[in-house]
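Asks: compute the structure for the input listed below.
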Amino acid sequence: MTTTAAAARTDDQIQRDVLDELAWEAQVRSTDIGVTVHDGVVTLTGWVDSAARTWAAVRSAQRVRGVRAVADDIEIRPIGPVDVTDGDLAIAASRALEWNSFVPAERLDLTVANGWVMLRGEVEFGWQRRTAERELRRLRGVRGVTNLVEVRPAARPDADRVRRDVQRALLRGIGTERVTVEVHGDTVTLSGVVRSWWERDQAERVAWSAEGVCAVRDELLVGG
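Replies: Residues are numbered from 1 along each chain as shown. I've put the predicted structure just below:
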């Protein structure tokens with residue numbers, strides 16, 4: 001029996017909790033997902049009927065204490081006849097972006113092939129890129145999203161100011177000083193240790209929200 005060094009939890013305990021979390025999550029609720037754990041690394045197998053459920057399953061596993069990483073081996077199998085054509089999906093995806101007031105839909109372009117959405121274009125902020133992808137993953141019939149949107153800020157960021165702003169936002173949001181923030185040009189690098197995948201996601205969200213940031217390198221470790 002293996003014990004995770006960071007959280008002192010056995011793989012068996014983590015496996016049970018991940019299975020319970022998958023059963024609890026209303027967006028998943030699938031008995032066709034298998035869970036194996038080795039040294040705190042969770043592997044999800046089986047199948048679901050949409051990319052949205054795959055995304056929800058991965059996020060569910062990441063919420064469990066002691067999980068160090070998640071490998072997604074889930075297969076997407078639409079249930080029943082596929083009644084959503086690529087044309088229908090392209091229209092729905094375009095409207096989803098247009099209806100989101102935080103996404104500059106006029107600067108984005110998308111194509112759909114076999115249920116897979118390819119997203120291109122330019123945005124001013126990194127969080128707009130993440131928001132656009134999240135909107136598309138929720139659509140019925142989407143099998144996956146390739147996000148090729150480039151972040152091009154209106155002005156070059158001041159590295160020292162960005163570092164200070166991100167560090168302060170991290171203290172406000174997740175209350176930790178164990179995250180090191182480095183800024184080189186328009187790229188933010190996060191390193192150190194956080195207590196959960198939720199904190200890691202929040203730290204990355206904060207970094208992407210800084211003005212002028214084009215790229216975020218997430219080197220954070222999830223530990224105790």
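
Asks: next SSE after the helix or strand harbouring R172?
Replies: Taking DSSP states H and E as the criterion, R172 maps to helix 159-173. Later in the chain than helix 159-173, the nearest helix or strand by DSSP H and E is strand 179-184.

Asks: quick one: contacts of the helix or strand following that following strand?
Replies: The C-terminal neighbour of strand 179-184 among helices and strands, as given by DSSP H and E, is strand 187-194. Around strand 187-194, the neighbours that count as contacts under Cβ atoms under 8 Å, 6 or more residues apart in numbering are 162-163, 166, 174, 176, 178-183, 200, 203-204, 207, 210, 213-223. Placement of C-beta: from N, CA and C, glycine included.

Asks: likewise for stretch 90-103?
Replies: Contacts of stretch 90-103 (Cβ under 8 Å, 6+ apart): 84, 105, 108, 110-112, 117, 123, 127-128, 131-132, 135-136, 138-142.

Asks: in helices only, show me those.
Replies: Using DSSP state H, the members of the contacts of stretch 90-103 that fall in helices are W127, Q128, T131, A132, E135, L136.

Asks: could you list the domains of the chain?
Replies: 11-76, 86-151, 159-222 (automatic domain parsing).

Asks: element containing R120, please.
Replies: For R120, the host element (DSSP H and E) is strand 116-123.

Asks: hey, C-alpha coordinates of that strand in PDB?
Replies: The C-alpha coordinates for strand 116-123 follow below in PDB (Å, rounded to 0.1, in the frame of the first residue of the first chain):
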ATOM      1  CA  TRP A 116     -13.800  18.900 -32.400                       C
ATOM      2  CA  VAL A 117     -13.600  22.700 -32.200                       C
ATOM      3  CA  MET A 118     -10.500  24.600 -33.300                       C
ATOM      4  CA  LEU A 119     -10.400  28.100 -31.800                       C
ATOM      5  CA  ARG A 120      -8.100  30.800 -33.200                       C
ATOM      6  CA  GLY A 121      -7.800  34.500 -32.900                       C
ATOM      7  CA  GLU A 122      -6.500  37.200 -30.600                       C
ATOM      8  CA  VAL A 123      -7.600  38.500 -27.200                       C
END
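
Asks: which elements pack onto that strand?
Replies: strand 108-113, helix 126-137, strand 144-147, strand 150-151 (3 or more Cβ pairs under 8 Å, 6 or more residues apart in numbering; DSSP states H and E).

Asks: recalculate using a threshold of 7 Å.
Replies: With contacts taken as 3 or more Cβ pairs under 7 Å, 6 or more residues apart in numbering; DSSP states H and E, strand 116-123 sits against strand 108-113, helix 126-137, strand 144-147.

Asks: give me the distance from the first one to the chain's centre.
Replies: This means strand 108-113. Here strand 108-113 is found 20 Å from its chain centre; the criterion is Cα atoms, centre = their mean, to the nearest Å.

Asks: got phi/psi on V67?
Replies: phi -80, psi 120 (degrees, to the nearest 10).
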